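**Q** just to be clear, the model below is a prediction. Sequence and coordinates:
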Amino acid sequence: MREYLEIEGRYSLSGTIRISGAKNAVLPALAATILAPGTFVFTNVPRVSDLYTMLELLNYLGAFWREEGDRLWIDTSQLEQAETPYALVRRMRASVLTLGPLLARFGRARVALPGGCPIGKRPIDLHLRGLERLGARIEFSHGYIKASAPQGLKGAEIILDIPSVTATENLLMAAALASGRTEIRNAAREPEVVFLGRLLGLLGVKIAGLGTERIVLYGRPDPSPPSQPVAIIPDRIETGTYLLLPGLAGGEIELAGAEASFLEAPLEKFRAAGLEIEVEGSRLWAYAPRRLKALEVVTAPYPGFPTDLQAQIMALLTQAQGVSVITENLFENRFQHVFELQRLGAQIKVDGRTAIVSGPTPLQGAEVEASDLRASACLVLAALAAEGRTRIYGLEHLDRGYERMEEKLKAVGARIRRKRDALELGGDQRARARGKAL
Ligand code: UD1
């Protein structure tokens, strides 16, 4: 049995969508609970499958948790394991975020090495070199990273070759319990990194420079959980994805509980493409454009245009007048959605890290397969613009990072249903296949 989304395109959308907490903020926040024994409370927690993978992992380490609506309690006072098994790292690469905090709390950690992933090689050399700078000894055995620091970690100056998001986060968490001063240069500036840094501040760690390329912090040996619940920041990628809806399906959409300041580069591009967007506090409105214009888009670390919105803007640009050029600078294999967009009728050519999109092309519903999380969002957007019915398979990717996407879209008028199929063949193809077997 495989699940798929069935979408009937070309229905104009209108209404309000509430933005969830950010997946990429809740994952490091949960990893940080390893640092301080006690009970943490989080609100605005997105109920996505990656959250439950992280909770399963914390549970394996000895933590207890419970949830009520979007509120989550997690008790890390009885952690007894310092090992993150391959089964969980394979399911979710962000499981490597446990390496820094486990090493800091236990003086040792054993974490499975992540392999390649559908969007590229994604090494973790920067995480490991940074931990070595903090005094850790790193060894590899049987597919696992073994890190140890029996005398504890010591603050140091670390210069990252690339402003990697999870490397910065892992190192901030490791340094939170290290003795003395740590300085991270060429640090990632993403809002999720700032959020994690502020959480560490609430644990009693002195930290400065968040949101800049130079973060300085002074670790402390005995942090304790924050006394108040901590709200997870809004998901800027979910916000960006839904802002594109009127551009593809027509109509007007209001987004509530969002944070526009996290999306300066995307908003500039969306407006340049012809979308009308208004912002007032935590609400954003997007209106269908009269005409979509072609664009040049280059992905870059924050505050540049996010790679996590590259696939979605590509769906939009299939409907824009002219030739758009999209350059993917972060991951070497993040154009998997191109082949599926082509199955819907898009005209896209890929040359290395550049995709050239010619538009507008009328899209037609088809059966497509999502290869990764953001590719699946791109296919949903394209399906909403396509004539007829589209079936999107590979929903396990979508569910990793978008909370109740089909419910949210249905509420604004999309014709979208989650279904199950016993066989992967369509009805008439199935009959023919049966005929052959007889
Ligand atoms: C995070 C996000 C992901 C997003 C990405 C880029 C989380 C859980 N995931 O992933 O959604 O797409 O940022 O914005 O927050 N690199 C190395 N060596 C390393 C680490 C990274 O060479 O040790 C390279 C990567 O291959 C990539 C670049 O650095 O080319 C940036 O990757 P990075 O910022 O680390 O992405 P993630 O933290 O894995």
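**A** Happy to help now that I have it.
**Q** got any ranges where the protein has weak pLDDT?
**A** The chain contains residues with pLDDT under 70 at 116-117, 423-438.
**Q** how close does residue 181 get to residue 398?
**A** Counting by C-beta to C-beta, to the nearest Å, the gap from residue 181 to residue 398 is 43 Å. The way it works is simple: take the backbone N, C-alpha and C, and place the C-beta from them, glycine included.
**Q** more crowded one of the two?
**A** Neighbour comparison, residue 181 and residue 398: the larger count goes to residue 398, with 25 against 15 (by other C-beta atoms under 10 Å).
**Q** now do the contacts for residue 115.
**A** Listed by C-beta atoms under 8 Å, 6 or more residues apart in numbering, the contact set of residue 115 reads residue 90.
**Q** i'd like the first residue to be 34 from this point on
**A** Renumbered: residue one is now 34, and that last one reads residue 148.
**Q** using the three-state scheme, assign it.
**A** coil (DSSP: H, G, I helix; E, B strand; the rest coil).
**Q** domains in the chain, by residue range?
**A** Domain ranges of the chain: 36-53+267-453, 56-252, per automatic domain parsing.
**Q** residues from the chain in reach of the ligand?
**A** The chain has residues 57, 60, 127, 153, 155-160, 195, 197-200, 225, 339-341, 363-364 near the ligand, with proximity defined as C-beta under 6 Å from any ligand atom.
**Q** of those residues, select the buried ones using a ChimeraX command.
**A** In ChimeraX, this line selects whichever of these come out buried by 16 or more other C-beta atoms under 10 Å:
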select :57,60,127,155,157,159,160,197,198,199,200,225,339,340,341,363,364
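**Q** among the residues of the chain next to the ligand, which are in strands?
**A** With DSSP state E as the criterion, strands contain none of the residues of the chain next to the ligand.
**Q** so of the residues of the chain next to the ligand, which ones are in helices?
**A** Residues from the residues of the chain next to the ligand lying in helices, with DSSP state H as the criterion: 57, 60, 158, 159, 160, 198, 199, 200, 225.
**Q** distance-wise, check the nearest residue to residue 350 once chain neighbours are set aside relative to the ligand.
**A** Counting by C-beta to C-beta, 6 or more residues apart in numbering, the nearest residue to residue 350 once its immediate chain neighbours are dropped is residue 357, at 4.1 Å. For residue 357, the distance to the ligand equals 21 Å [C-beta to the nearest ligand atom, to the nearest Å].
**Q** please, where are all the strands along the stretch 334-471 of the chain?
**A** Ranges of strands within the stretch 334-471 of the chain are 355-360, 380-384, 387-392, 400-402, 422-426, 448-454, based on DSSP state E, counting those that start in this stretch.
**Q** so which of those strands gets nearest residue 99?
**A** strand 448-454 (26.8 Å; C-beta to C-beta).
**Q** specify the angle between that closest one and strand 422-426 in degrees.
**A** 50 degrees (axes from the mean of the first three to the mean of the last three C-alpha atoms, to 10 degrees).
**Q** chain center to strand 448-454, what's the gap?
**A** For strand 448-454, the distance from its own C-alpha centre to the chain's C-alpha centre is 24 Å (C-alpha atoms, centre = their mean, to the nearest Å).
**Q** same question, stretch 299-313
**A** With C-alpha atoms, centre = their mean, you get 22 Å for stretch 299-313.
**Q** same deal with stretch 137-147?
**A** That offset, for stretch 137-147, works out to 23 Å (C-alpha atoms, centre = their mean).
**Q** what's in contact with that stretch?
**A** With C-beta under 8 Å, 6+ apart, stretch 137-147 has contacts from 67-68, 112, 115-119, 121-123, 126, 128-129, 131-132, 135-136, 155, 157, 173, 176-186, 206-211.
**Q** if we go to 7 Å?
**A** When contacts are defined by C-beta atoms under 7 Å, 6 or more residues apart in numbering, stretch 137-147 is touched by residues 67-68, 115-119, 122, 126, 129, 131-132, 135-136, 155, 157, 176-183, 185-186, 206-207, 209-211.
**Q** repeat for stretch 339-356
**A** So stretch 339-356 is contacted by 270, 273-274, 277, 280-281, 299, 302, 306, 324-328, 330, 332, 357, 359, 361, 363-364, 367, 370, 374, 379, 388-394, 396, 407-408, 410-411, 414-415, 418 (C-beta under 7 Å, 6+ apart).
**Q** OK, contacts around residue 448?
**A** Going by C-beta under 7 Å, 6+ apart, the list of residues near residue 448 reads 40, 41, 44.
**Q** mind running it again at 10 Å?
**A** Contacts for residue 448 were tallied using C-beta atoms under 10 Å, 6 or more residues apart in numbering; they are 39, 40, 41, 42, 43, 44, 416, 417, 422, 442.
**Q** next one: residue 405
**A** 150-152, 344, 364, 366-367, 369-370, 411, 427, 430-431, 433-434.
**Q** just residue 430 next, same as before
**A** So residue 430 contacts 82, 151, 402, 403, 404, 405, 406, 407, 408, 409, 410, 412 (C-beta under 10 Å, 6+ apart).
**Q** secondary structure element for residue 331?
**A** strand 329-331 (DSSP states H and E).
**Q** parallel or antiparallel, which strands does that strand pair with?
**A** Sheet pairing of strand 329-331 (DSSP bridges) gives strand 355-360 (parallel).
**Q** relative to strand 387-392, how tilted is the strand it pairs with?
**A** Using the same axes, to 10 degrees: strand 355-360 against strand 387-392 is 160 degrees.
**Q** can you show me the CA trace of strand 355-360 as CSV?
**A** Provided in CSV are the C-alpha atoms of strand 355-360 (Å, rounded to 0.1, in the frame of the first residue of the first chain):
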residue,chain,number,x,y,z
GLY,A,355,10.4,34.3,-20.3
VAL,A,356,13.5,32.4,-19.4
SER,A,357,14.5,32.0,-15.7
VAL,A,358,17.9,30.9,-14.5
ILE,A,359,18.2,29.1,-11.2
THR,A,360,21.6,28.3,-9.7
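**Q** just confirm residue 427 contacts residue 412, I think it does.
**A** Yes - assessed by C-beta atoms under 10 Å, residue 427 is found in contact with residue 412 at 8.7 Å.
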